[in-house]
Every structure is written in structure tokens, then in C-alpha cells.
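A.B. asks: Model the following, please.
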Amino acid sequence: MTVREDAPAKINLFLDVCGRRHDGYHTLVTVMHSIDLCDRIHLSYDPAGETQISLCVCGGGKDIPSGPDNLVWKAAQTYLGQAGLSGRVSVFLEKRIPSAAGLGGGSSDAAAVLRALDRVAPEPLGREKLCSIAAQLGADVPFCVSGGTALCTGTGEVLTPWRGGPFAFVIAAGSEPVSTPQAYRVLDQRFDGFREGTRHASAQGLQQAVAAGDAVLLAPHLFNLFEEAVFPLAPSALEKKRKLLEYGALGACMSGSGSAVFGLFRNFGDAVHAASKMGADAYPAVSF
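C.D. replies: The predicted model follows:
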């Protein structure tokens, strides 16, 4: 049986790093928001025989692994183990979300695999168990299982869903990819470590703006602490943020650990017009 699942990108409307735990993980306060820029997976499952996973990747550049190092592979392997299943899983992955950009492409691909396998499994595990499996794969994966908009705390795994939107954006990928570990290292050096509970910005008023679907009200609340660490490493991202504001964005911000940035616009028409000025690496998008 073959099923298809879209894997939407996410942006961070707000992202503050509030501490570093003894195990090395950082604690966050972030608001993640799904947009309609999507990867797509086609997954088939044959329960006969021993466990075998295969992955074919189309697009996204030659640096994307197609073996066990890909989070898609790990998601399939982990799901089968948790569900007590064996058999052959074949995944064809169409990449459209820029990699190493802070848009959650790999995490969303993994979440899509979990959803797809739960559709073809003889006894589905259900959404709560999928989120538990997702937390084993990465901090953004639990959010990507359900998507939408959510306040995420802890290391990103504690989710409080929000309602609101939709909003119109332009997503602009930076020319310099930045890995998440690299961004955290620079941030740790910049702040000389973190004292648990430190807050660098306030998310007060953000939920009201999201609930109202009011882009003008939302724009002043956009924030990402990683900009201080990443913009010196990815000057093209800073330049694209400036361009988005020049082309009419109400506000602009980096997503995740970068180096993609996004601009918030009054409506989709304004976003399409701005994207046409930005060039080939800019994508108009709406949230859902």
C-alpha cells in the first residue's frame, strides 16, 4: 500500500533560548507556525519479510543523505520498532524546503513518515504515541506531527496549541547554510553560557495577535535570539531581512537557527509582489 503525505515547513514567530541543562540541551520558549511551503513523501509498506528501509531523495541538493543518517530513515526505523512491526518500507522524498535553513524540513519529513506509517499499520498507534516517538527523533518533530501554531517550551517538546491566522509571508533562504549545533555554539560563546530561566525578550501580546489574525499587531512581536549569533556567519541572511522590509514587510525575522528569514505581509498579493523582487530563492507562503 502506498500513501502520500505533505511535510510543511515551519517558521518561528518567536524564539528565545532560556537556559542550558546539565545534559547539554537548551531550554526554549518559541512559537512555531506551519506554512504551505512543503516537501512531499510517498511511502509504501510491505509487511512481508525482515525489516528493510529504502529512501530515494529528489531535489534539495546532493548533500542530503539517502541512508540511515537521514531523519526519514530513522523515523521509519523507530516507528517499526515501537509498533513491533517488520517488513519493507520504501520512501520517495520530494524536497522543496531549503536545507539547513531553520525551516524544519528534516523534522517535518520525519513527522510525515510517522503519520504515513500510522495510516498503513494494521493497528495505528495514534497521535499521542506518534508525538512520543517524535520526541526521540528531534526537538521540532513533535510539533511537526500536528503542525498549525503552538507555543513550544522545554527543549521544544512541550506543546500548547494556539488558534489564529492565517498570515502571508515571503520566505528567503540565506546563501550560507548554518547547522543548528554551530548556531548554538556561537550563541553559548556570545552569552558565556546561559543561566536557567534567562529571558531575552517577552512573548506577551503574541498570542492575542495570532488569535486575531492581525499582521499589523503581530509584526512588532517577531523575535529570534539566534539572529545575534547567525547574522555574522550568514551576512546574506541579514541583507535579505533588510530587503524584505524595504519591499513592504510589516516585520521580518530569522527562522529557527537560520539562515532563512521571513517577512510578514498584510496580504498574499503583497507577498507575491515582494517575492518577485527578491529573486529565485524567495517563496511567497501562507500559514494554516
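
A.B. asks: residue contacts, residue 126?
C.D. replies: Contacts for residue 126 (CB atoms under 8 Å, 6 or more residues apart in numbering) come out as residue 118. (Each C-beta comes from the backbone N, C-alpha and C, glycine too.)

A.B. asks: From residue 82, how far off is it?
C.D. replies: According to CB to CB, to the nearest Å, residue 126 and residue 82 sit 12 Å apart.

A.B. asks: got it, and residue 13?
C.D. replies: For residue 13, the distance to residue 82 equals 32 Å [CB to CB].

A.B. asks: Show me which of those two is the more surrounded one.
C.D. replies: Taking neighbours as other CB atoms under 10 Å, residue 13 and residue 82 compare with residue 13 leading, 29 against 15.

A.B. asks: immediately after the helix or strand hosting the more buried one, which helix or strand?
C.D. replies: Using DSSP states H and E, residue 13 falls within strand 2-20. Moving toward the C-terminus from strand 2-20, the next helix or strand (DSSP H and E) is strand 26-46.

A.B. asks: what's the angle between that next one and strand 2-20?
C.D. replies: Angle of strand 26-46 versus strand 2-20, following axes from the mean of the first three to the mean of the last three CA atoms, to 10 degrees, is 170 degrees.

A.B. asks: mind listing what's buried in strand 26-46?
C.D. replies: Judged by neighbour count using 16 or more other CB atoms under 10 Å, the buried positions of strand 26-46 are 26-35, 37-41, 43, 45.

A.B. asks: Mind giving me the packing neighbours of it?
C.D. replies: strand 2-20, strand 88-94, helix 105-120, strand 149-153, strand 168-172, helix 206-212, strand 282-286 (3 or more CB pairs under 8 Å, 6 or more residues apart in numbering; DSSP states H and E).

A.B. asks: which outside residues touch the fifth one?
C.D. replies: Spelled out, it's strand 168-172. 9, 11, 35, 37, 103, 215, 240-241, 243-244, 247, 249, 255, 260-268, 270-271, 274-275, 278, 281-287.

A.B. asks: State the number of residues packed around residue 58.
C.D. replies: 12.

A.B. asks: Need phi/psi at it.
C.D. replies: With angles defined as degrees, to the nearest 10, residue 58 sits at phi -120, psi 120.

A.B. asks: if I read this right, it contacts residue 91, doesn't it?
C.D. replies: No. Residue 58 lies out of contact with residue 91 (CB atoms under 8 Å); the separation is 11.1 Å.

A.B. asks: before we move on, back to that, kindly export the strand holding residue 13 (C-alpha atoms) in CSV.
C.D. replies: This file holds the C-alpha atoms of strand 2-20, laid out as CSV (Å, rounded to 0.1, in the frame of the first residue of the first chain):
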residue,chain,number,x,y,z
THR,A,2,1.3,3.5,-0.9
VAL,A,3,0.3,6.7,0.7
ARG,A,4,1.3,10.3,0.2
GLU,A,5,1.9,12.9,3.0
ASP,A,6,2.8,16.6,2.7
ALA,A,7,5.5,17.8,5.0
PRO,A,8,5.0,21.5,5.7
ALA,A,9,7.8,23.9,6.6
LYS,A,10,7.6,25.8,9.9
ILE,A,11,8.8,29.2,10.9
ASN,A,12,9.4,30.6,14.4
LEU,A,13,7.4,33.7,15.1
PHE,A,14,9.3,33.9,18.4
LEU,A,15,12.3,32.1,19.6
ASP,A,16,14.2,32.7,22.9
VAL,A,17,16.8,30.5,24.4
CYS,A,18,16.4,30.5,28.2
GLY,A,19,19.0,28.1,29.6
ARG,A,20,21.3,25.2,29.1
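
A.B. asks: What strands line up against it, and which way round?
C.D. replies: Looking at strand 2-20 with DSSP bridges, its partner strands are strand 26-46 (antiparallel), strand 223-224 (parallel).

A.B. asks: now it, how far from the centre of its chain.
C.D. replies: Centre-to-centre, strand 2-20 and its host chain are 3 Å apart (CA atoms, centre = their mean, to the nearest Å).

A.B. asks: Mind jotting down where the strands sit in the stretch 151-288 of the chain?
C.D. replies: Along the stretch 151-288 of the chain, the stretches classed as strands by DSSP state E, counting those that start in this stretch are 158-162, 168-172, 223-224, 251-254, 261-265, 282-286.

A.B. asks: Show me what the last one is packed against.
C.D. replies: Just to be clear, that refers to strand 282-286. If you count contacts as 3+ CB pairs under 8 Å, 6+ apart, strand 282-286 packs onto strand 26-46, strand 168-172, helix 268-278.
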